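*Asks:* structure for the following, please:
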Amino acid sequence: MMARAATPAEFVEEAEGCFGRAAKAAGLHQRTFDLGGHRIEMQFAGTKLLDPMTRALAHCAARADGPAELRVCFFDTESTRTAMAPPAWSRHQYTGGGEIAGFCDERVETSYQPGWDVFQCLDRERKVALYWTPSWRLLPWWEVSFPLRVILHWWLRDTELQPVHAAAVGNADGGLLIAGPCGAGKSTTALSCLGSRLQYAGDDYTLARVEPAPYVHCLYNTAKLDPQGLERFPHLAASVANRDRLDREKAMLFLYESHPAALIGGFPVRAVVVPEVTGRRDTAVELAAQSLAMLALAPTTTRHLPAARARTVAKLIRLTKSAGCYKLLVGTDLAQIPMALTSLVERLNRDAAGG
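*Replies:* Take a look at the predicted model:
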């Protein structure tokens, strides 16, 4: 399709008009969430995207009325029978990171990845974001586990908050970020703590506040395990939400539904822990260089969330300078993992309290 002349802000406004027509055709549904102290209103044209995009956020549902700081509009063309505005850019402007070259500036962000078939945009000035896919049937399964991840990253760019690729466990006094690349053992480490004295604040993406002191918010109540990982937690099998699709998807659990008491809204970050699978039986914790925390957090966070990379890195530098760093030598005896982490958390909390 030929590109049309339009500014990024004009395109967002045109796309919002498409959402309005979709909502008129299929019905408007709204949900409000408090995420890291910020109120976001999610609006849906029809219902096909409502549950997939809110289930992971259910624990953050707003408990009181109040004005929203950001409005995010969701629709798909198939269920609403409403087309999205045609692209105002050429196919040559698509980038490997999903950003649309020439359609991202200080005010507006846009993203689309052919083959993924999800378009997202944000207008900071008008405090509105759009999320569109041709069909709700095409929604990638992993999007259900961390909805709004990209839009939140854009919107929080100039704040002290940052979505980070890390798990988190702890208690009200403080806890740990668990960082590392995909497959490093973040999910296994976090889920091994279910039923222990440590509570769960995420196993893949969490929301970190960098200053005035490091703090982590539980952003998503989901947990994901590959087939081998699920075998290590047979007691969780009955809680898997997508048991009929495990041949092509990771097992996904919504812990707010199955283990609500295990969740915690957030806590001060005492340290970053980097798992290392050893193959040995016993688990141990050892002090590590501060640089290891940055190496564990920055590469995957900035790869998944490429916009404003320099600002993201600067936030992560401040975060890791303020927290300690430890290596978790993960053994095969799962029961030892929460024991080792609980001991570390309690010691760090005592130190922070001056005890």
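*Asks:* tell me where the protein has helices.
*Replies:* 8-26, 50-54, 77-80, 141-145, 149-155, 186-191, 227-231, 255-258, 290-304, 309-322, 336-352 (DSSP state H).
*Asks:* using PDB, list the CA coordinates for the fourth one.
*Replies:* Which is helix 141-145. Presented in PDB, the C-alpha positions along helix 141-145 are these (Å, rounded to 0.1, in the frame of the first residue of the first chain):
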ATOM      1  CA  TRP A 141       0.600 -16.400  23.400                       C
ATOM      2  CA  TRP A 142       3.500 -14.700  25.100                       C
ATOM      3  CA  GLU A 143       1.700 -11.300  24.900                       C
ATOM      4  CA  VAL A 144      -0.900 -12.700  27.300                       C
ATOM      5  CA  SER A 145       1.800 -13.200  29.900                       C
END
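*Asks:* buried residues in the lowest-mean-pLDDT helix or strand in the chain, which are they?
*Replies:* Here the helix or strand of the chain ranked lowest by mean pLDDT, DSSP states H and E is helix 227-231, holding a mean of 88. For helix 227-231, a neighbour-count test (16 or more other Cβ atoms under 10 Å) marks 229-230 as buried. The C-beta positions use only the backbone N, C-alpha and C, and glycine is treated the same way.
*Asks:* that helix - contacts with which helices or strands?
*Replies:* strand 251-254 (3 or more Cβ pairs under 8 Å, 6 or more residues apart in numbering; DSSP states H and E).
*Asks:* what packs against the strand it packs on?
*Replies:* If contacts are counted by 3+ Cβ pairs under 8 Å, 6+ apart, strand 251-254 sits against helix 141-145, strand 222-225, helix 227-231.
*Asks:* residue ranges with poor pLDDT in the stretch 201-350 of the chain?
*Replies:* Along the stretch 201-350 of the chain, no part satisfies pLDDT under 70.
*Asks:* distance of the closest residue to Lys250 other than its chain neighbours from Glu249?
*Replies:* Closest residue in space to Lys250, ignoring its immediate chain neighbours: Lys224 at 4.5 Å, by Cβ to Cβ, 6 or more residues apart in numbering. For Lys224, the distance to Glu249 equals 9 Å [Cβ to Cβ, to the nearest Å].
*Asks:* neighbour-wise, which of the two wins?
*Replies:* Remark: of Lys224 and Glu249, Lys224 carries more neighbours, 22 against 18, as counted by other Cβ atoms under 10 Å.
*Asks:* hey, what's that one bridged with?
*Replies:* Met252 (DSSP bridges).
*Asks:* isn't it right up against Leu246?
*Replies:* No. If you go by Cβ atoms under 8 Å, Lys224 and Leu246 don't touch, sitting 11.4 Å apart.
*Asks:* okay, and the common contacts of the two?
*Replies:* Here Lys224 and Leu246 share no contacting residue, scored by Cβ atoms under 8 Å, 6 or more residues apart in numbering.
*Asks:* so the most centrally placed residue in the chain bridges to which residues?
*Replies:* Closest residue to the average C-alpha location of the chain: Tyr205 at 4.0 Å, with Cα atoms, centre = their mean. Counting by DSSP bridges, Tyr205 forms beta bridges with His165.
*Asks:* distance check, it against Ala179.
*Replies:* Relative to Ala179, Tyr205 is positioned 11 Å away (Cβ to Cβ).
*Asks:* what of Ala83?
*Replies:* For Ala83, the distance to Ala179 - Cβ to Cβ - is 42 Å.
*Asks:* what residues of stretch 255-272 count as buried?
*Replies:* Buried positions in stretch 255-272, judged by neighbour count with 16+ other Cβ under 10 Å: 255-256, 258-259, 262-264, 266-272.
*Asks:* among those residues, name the ones in strands.
*Replies:* 266-272 (DSSP state E).
*Asks:* need the winner for burial among the helices of the chain.
*Replies:* Greatest average neighbour count among the helices of the chain goes to helix 186-191 (a mean of 26), per mean count of other Cβ atoms under 10 Å.
*Asks:* so how far is it from its chain's centroid?
*Replies:* Here helix 186-191 shows a centroid-to-chain-centroid distance of 15 Å under the convention Cα atoms, centre = their mean, to the nearest Å.
*Asks:* hey, C-alpha coordinates of it in PDB?
*Replies:* C-alpha atoms of helix 186-191 as PDB (Å, rounded to 0.1, in the frame of the first residue of the first chain):
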ATOM      1  CA  LYS A 186      14.700 -17.200  36.700                       C
ATOM      2  CA  SER A 187      11.300 -19.000  36.600                       C
ATOM      3  CA  THR A 188      12.600 -22.100  38.400                       C
ATOM      4  CA  THR A 189      14.200 -20.000  41.100                       C
ATOM      5  CA  ALA A 190      11.100 -17.800  41.700                       C
ATOM      6  CA  LEU A 191       8.600 -20.700  41.600                       C
END
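*Asks:* can you list contacts of that helix?
*Replies:* So helix 186-191 is in contact with 166-169, 178-180, 200, 202-204, 223-225, 229, 232-233, 236, 273, 275, 328, 330, 334, 337, 341, going by Cβ under 8 Å, 6+ apart.
*Asks:* filter the residues you listed down to the buried ones.
*Replies:* Buried by 16+ other Cβ under 10 Å: 166-169, 178-180, 200, 202-204, 223-225, 229, 233, 236, 273, 275, 328, 330, 337, 341, out of the contacts of helix 186-191.
*Asks:* got the end-to-end distance for stretch 58-76?
*Replies:* Counting by Cα to Cα, to the nearest Å, you get 22 Å between the two ends of stretch 58-76.
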